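>>> Predicted coordinates and the sequence they were generated for:
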Amino acid sequence: MIEVGKKAPSFSLFDSSGVKVSLNDFIGRKVILYFYPKDITPGCTKEACDFRDFFPDFSKLQAVIIGINPDSIESHKKFIEKFNLPFFLLSDSNKVVANKYNVWKEKKFLGKTFMGVERSTFLIDENGRLLKIFRKVKVAGHVDEILKILKQK
């Protein structure tokens, strides 16, 4: 069960360079773990660019940004290069981590039902515990909201 105050589910996934990245690598730092549906789509690009634009502010707070979705390592690499993203994008092609965080959901769009990632963000403290959970994220203003919360912690 994913709950504020509990340990965040651990994971190890590959980044856009093919390097394995684990949540445990960041013990001692805050982590902004965000799940997004698809590389290089309007909402996901806006969200990623918002994180990019505030990246120096998050760095000053010793916070790491990690984006996860089922897209391939190659897709993530193109997304990072196209929009100059300075943070990790991890490939969860088997949806193992998406399922651990309960973000792999049934969705509806244009009358069709399909499985996909529910846009969600998890703030994790220096000890690996969940500080805050955002489900069904609306992109506008989201990154600013996260920054305000982290400045208070």
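Looks like it came in fine.
>>> switch to C-alpha atoms for all contacts and neighbour counts from now on
Noted.
>>> okay, which residue is most central for this protein?
The centre of the chain sits closest to Tyr34, judged by C-alpha atoms, centre = their mean, with a distance of 1.7 Å.
>>> What lies in contact with the strand or helix carrying that residue?
Under the criterion of DSSP states H and E, Tyr34 resides in strand 30-35. Applying C-alpha atoms under 8 Å, 6 or more residues apart in numbering, the contact partners of strand 30-35 are 62-69, 98, 103, 117-126.
>>> Buried ones among those?
Among these, those classed as buried by 16 or more other C-alpha atoms under 10 Å are 63-69, 98, 103, 117-125.
>>> Now go through those residues and say which are in helices.
Among the buried ones among the contacts of strand 30-35, DSSP state H puts Ala98 in helices.
>>> Quick one: the helices in this protein, in order.
Under DSSP H, the chain gives helices at 42-53, 55-60, 73-83, 96-100, 142-152.
>>> Just send these back as CSV, with distance to Leu13 and mean pLDDT too.
Output for the helices of the chain, formatted as CSV (distance: least, C-alpha to C-alpha, whole Å; pLDDT from 0 to 100):
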stretch, distance to Leu13, mean pLDDT
helix 42-53, 19, 96
helix 55-60, 22, 96
helix 73-83, 10, 97
helix 96-100, 9, 96
helix 142-152, 23, 93
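>>> Against Lys136, how distant is Leu23?
Distance from Leu23 to Lys136, counting by C-alpha to C-alpha, to the nearest Å: 22 Å.
>>> Look at the two and report which has more neighbours.
Leu23 (17 against 11; other C-alpha atoms under 10 Å).
>>> give me every residue that touches the more buried one.
Taking C-alpha under 8 Å, 6+ apart, one finds Ser10, Phe11, Ser12 in contact with Leu23.
>>> Check Gly67 too.
With C-alpha under 8 Å, 6+ apart, Gly67 has these contacts: Leu33, Tyr34, Phe35, Tyr36, Phe87, Phe88, Leu89, Leu90.
>>> Where neighbours are concerned, which of these has the most?
Neighbour counts for the contacts of Gly67, by other C-alpha under 10 Å, peak at Leu89, which reaches 31 neighbours.
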